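# sequence and predicted structure are below.
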Amino acid sequence: MKRIQYFQYGSLEELQLDEVKIPKVGQGNILVKVKAASVNPMDWKIRRGEMKPISGFSFPRGLGHDFAGVVEAIGPAVKKINVGDEVFGVTDIKQAGTFAEYTIAKEDYVGMKPASRSFEEAAALSLVSVTAWSALIGMAKLTKNHTIFINGCLGSVGRSAVQIAKIQGARIIGSCSGSGREEALALGVDEVVDYRSFQVTPYRKCFDIVFDTAGALSFKQCKAMLVKKGKSLHIVPTLSKMLISLFSSHHHIVFGKPSRSCLNGLSEAMRKGQIRPKIGRIVSLNEGISAFAELEQTGFPKGKLVIVP
């Protein structure tokens, strides 16, 4: 099978498309014939070696962490997934390797893809919506009684967060560029602010939850905007933020962590059309490295880059 992989951490030049053996499925794992996978910023951060303590030092290492596809084989102790099921999901950070014709994933990291949604849509939603769900439902316990500020509401995670918050019935204030105002309103944001002119002062003590998907807010800014028992959630960790979050009841670093309730909830939301991705470009696996490089270097396309084997 074909797989995009690399043999050491480093620059884009480390990436290559190779022929490798189809991986063997182990206990608690499933083998998926990949129909679509999508690119996330963490893919190039890991390749650069910025997350070595988590990603480890085992090579060759595949690229890509989320996917949608058809289950080809199941390992011992797999109970809820069957061969032939159409699924979506993520790999753990050390496993990786979804920019390939086949990938291995843990049974617990996989949900059922609704028949009404394409593989490309499901792949584009996997990691970003798991991250948003983990933050808003898993950690913040978001309800209709909450008011939430989503910084970066038109980014991939922000977009999922807006749609999940809408499902929960929360009041949503979101920041994006001024040109994105109409798109944000159509997505479900109740009040849109331009991030270039955003000031904390008018929003002091206004929010139960601040979700910083852009990594642009300080803990001091977040604390000023939160009510007494409010929470700020951050998906772009810095060393200082990680250290402070260890000792704070207000500020939390969030990683996308699949759970059965999370995957079932996302599957149902996809089925009902309550959550949709913005796909910017779909390319073949043969075009994957050049498209990946363009996204990493230029930020284009806007919207998810999806790779189809």
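Arrived safely. Please read these numbers as outputs of a predicted model, since none were measured by experiment.

# now for the chain, the helix or strand with the poorest mean pLDDT.
Confidence across the helices and strands of the chain bottoms out at helix 239-246, with a mean of 85, counting by mean pLDDT, DSSP states H and E.

# what about residue 133, neighbour count?
The local packing of residue 133 (other CB atoms under 10 Å) involves 26 other residues. To be clear about C-beta, it is placed using only N, CA and C from the backbone, and glycine gets the same treatment.

# got the contact list for it?
160, 164, 262, 265, 266 (CB atoms under 8 Å, 6 or more residues apart in numbering).

# for residue 225, state which of those residues is nearest.
Using CB to CB, residue 164 is the member of these that lies nearest residue 225, at 20.0 Å.

# can you name the next helix or strand after the helix or strand harbouring the closest one?
Taking DSSP states H and E as the definition, residue 164 sits inside helix 156-168. Downstream of helix 156-168, the next assigned helix or strand under DSSP H and E is strand 171-176.

# what sits up against the very next helix or strand once past that next one?
Once the chain leaves strand 171-176, the next helix or strand it forms, by DSSP H and E, is helix 181-187. Under the criterion CB under 8 Å, 6+ apart, residues 153, 154, 159, 162, 163, 174, 176, 192, 194 lie in contact with helix 181-187.

# please apply the same query to stretch 204-212.
By CB under 8 Å, 6+ apart, stretch 204-212 touches 132, 135-136, 140, 142, 145-152, 158, 161, 173, 217, 222, 224-227, 229-236.

# just the ones of the residues you listed in strands?
147-151, 173, 226-227, 229-234 (DSSP state E).

# show me the contact partners of stretch 93-102.
1-5, 20, 22-23, 31-34, 37, 42, 46, 51, 54-56, 58, 61-67, 72, 91, 103-106, 285, 288, 292, 307, 309.

# buried ones among these?
Among those, those classed as buried by 16 or more other CB atoms under 10 Å are 1-5, 22-23, 31-34, 37, 42, 46, 55, 61-67, 72, 91, 103-106, 285, 288, 292, 307, 309.
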